[in-house]
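Provided below for reference: sequence and predicted model.
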Amino acid sequence: MKTYSYAPKGVCSRGITFDMDEQGKLHNVAFAGGCPGNLQAISKLVEGADARHVAELLRHNDCGGRGTSCADQLAIAIEGALNG
């Protein structure tokens, strides 16, 4: 299992970390900063889920007209991890 870190852009969260196993499943998704209740819920919902599927689901979600969101930033982080 490999751990990834990402510095989100344009959102309240200051950092995203997650683990991805050899089968491409997500584990231990954590956000630093942001809206705690929503981000804890996202972390629980994606635990053990297929990384590609999660990235597809969360991509292009918008928060308050920012053009991105913490969920969208997680999708970007996952895509980066998948693409090396």
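Nice, I can see it.

now the helices for the protein?
Along the chain, the segments classed as helices by DSSP state H run 36-46, 51-58, 70-82.

ok, and what's touching the shortest one?
It stands for helix 51-58. Residues external to helix 51-58 that are found in contact with it (CB atoms under 8 Å, 6 or more residues apart in numbering): 20, 24-26, 42, 46, 71-72, 74-75, 78-79, 81-82. All C-beta spots, glycine's among them, are computed from the backbone N, C-alpha and C.

from these, which two are the most distant?
K25 and D72 (20.6 Å; CB to CB).

those two: which has the busier surroundings?
Counted by other CB atoms under 10 Å, K25 and D72 do not tie: D72 has more neighbours, with 21 against 16.

what sits against the more buried one?
Contacts for D72 were tallied using CB under 8 Å, 6+ apart; they are L58, R59, H60, N61, D62, C63.

now M1
M1 touches D19, M20, D21, E22, H27, counting by CB under 8 Å, 6+ apart.

okay, now the third one: neighbour count?
Translated: D21. 12.

over to the second one?
For M20, the neighbour count with other CB under 10 Å is 19.

could you give the bridge partners of it?
Judged by DSSP bridges, the bridge partners of M20 are K2, L26.
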